[in-house]
Structure formats: C-alpha cells, structure tokens
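*Asks:* sequence plus predicted model, see below.
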Amino acid sequence: KAGVTQTPRYLIKTRGQQVTLSCSPISGHRSVSWYQQTPGQGLQFLFEYFSETQRNKGNFPGRFSGRQFSNSRSEMNVSTLELGDSALYLCASSLSFGGNSPLHFGNGTRLTVT
Amino acid sequence: SQQGEEDPQALSIQEGENATMNCSYKTSINNLQWYRQNSGRGLVHLILIRSNEREKHSGRLRVTLDTSKKSSSLLITASRAADTASYFCATDASTGKLIFGQGTTLQVKP
C-alpha cells in the first residue's frame, strides 16, 4: 500500500498570503489529522476529519481551516500568513478517529513564511 | 498545555547499550502510543498500549504503562546507530484528540 502523501514538500510564502496543503491518506483510511510542528511548541494538533466531517479541532485561530473530500483526501488552508506560521505541517491518516488507532504520517510540508 | 511529557529531553548512549525514555501524562487515557521521528521526516508509529495493559513488546522495544502513576516508559534494548531519532509519546485526551509530548532526542554513538 502507498503511504500518506503530502504535497508540496516545501513551500515559501510571504506574509499576508494564503496557502493550501494537500494530503492523500492510505487507501481505506477514513480519518485524517493535521499537526503543526515547530522547535518551540513541538507537535500541536490542528484538526481531525473523519468521513468528511471535522471531528476535533485544536486551539488555532480561524485562519487555519481544513476539509476532507469524499475520497478521504484532505486539504488544509492557512490565510493571511504570519511569520509564526513557519513550521512543518504533518498529516496523518488512520482507520478510526479519536486516537484509538495508530497514526500513519506523511513526511510533511515545510512552510516558510518570509 | 501538553498532555504527555517525556523525560529526559535528550539522551546520548553508546551502541549496544539500552535506552529508557519516560512519559508522564495528566488525565486518564484510553491508550498511549509511542512514535519515532527521524530528522525532518514524518513520525513512525512504534507501539500502542491500551489502558488495561501493563506491558507490550515489539522486537527490541518494550513499553510499560502504569495508569496509577500516569506514566509510561519505552525501553530500546541493544541500541543501534540507526535508532538515533526523536521519540514521542502520545495520549488520547478526554476530548478524543491525540496529543503529543515534546519528545526525547536519542543519540546512539557507534
């Protein structure tokens, strides 16, 4: 089975712009979670989707949004980028939601905001 | 605030030695998971231990869980240079989110 695929791998954006990141889960996995990883804050939970519904959300401002499509692929969007949004964004898929099964991570999208 | 906290933050050992990492958490859990992350890459799932289990093994890995102390440990036996990575524990908080600790950075010297 193919693993979790995240695109693009690297992204450089300017403050104020918006960005969309994409995640293709493992075939058969209906849950997709997103995390932000920075050296200072570690891994922070953004949101989790299951069957196109957002099941859980972290403590991030409304500039961070996501969605999941009927084929379980997911996108996250960050609008009005700030310097502090520079991070590695990780997507993970799993069979069920709510932390009850292992997460399978992609290699992430490294976003740099200048 | 983080649900899980790893200790130590960093660990450096010689190849062949054992490495032990600890994780403490704050609220009751259904399960606890351990992950490994090599530099700049995604996390890899190692072991999931449920709240009614006390110990679990996978190859050279042994995980213990003490729910009365709200703590878990990950033991890597006979470490190899390839085990050099960051190790994270993750717990399912009462809200159903999987929350990660800050991690332990392990360096295994050949």
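*Replies:* That came in fine, so what should we check first?
*Asks:* show me which residues of chain A sit near chain B.
*Replies:* Within chain A, the positions lying close to chain B (CB under 8 Å from any CB of the partner chain) are A:4, A:33, A:35, A:42-43, A:45, A:48, A:55-56, A:58, A:88, A:90, A:92, A:97-108, A:110. All C-beta spots, glycine's among them, are computed from the backbone N, C-alpha and C.
*Asks:* phi, psi of A:Thr112?
*Replies:* When quoted as degrees, to the nearest 10, the phi and psi of A:Thr112 stand at phi -120, psi 120.
*Asks:* from A:Ser79, how far off is it?
*Replies:* 17 Å (CB to CB, to the nearest Å).
*Asks:* flag the shaky bits of chain B, pLDDT-wise.
*Replies:* Across chain B, the ranges flagged by pLDDT under 70 are B:1-3, B:94.
*Asks:* I'd assumed B:Gly101 was in contact with B:Met21.
*Replies:* No: assessed by CB atoms under 8 Å, B:Met21 is found out of contact with B:Gly101, at 9.9 Å.
*Asks:* who's in contact with whichever residue of chain B sits closest to chain A?
*Replies:* Closest approach between chain B and chain A, counting by CB to the nearest CB: B:Asp92, at 3.0 Å. Contact partners of B:Asp92, counting by CB atoms under 8 Å, 6 or more residues apart in numbering or on different chains, are A:98-100, B:29-31, B:98-99.
*Asks:* and what about the closest residue to it other than its chain neighbours, helix, strand or coil?
*Replies:* Leaving aside its chain neighbours, B:Asp92 sits nearest to A:Gly99 (3.0 Å; criterion: CB to CB, 6 or more residues apart in numbering or on different chains). Put simply, A:Gly99 is coil when judged by DSSP: H, G, I helix; E, B strand; the rest coil.
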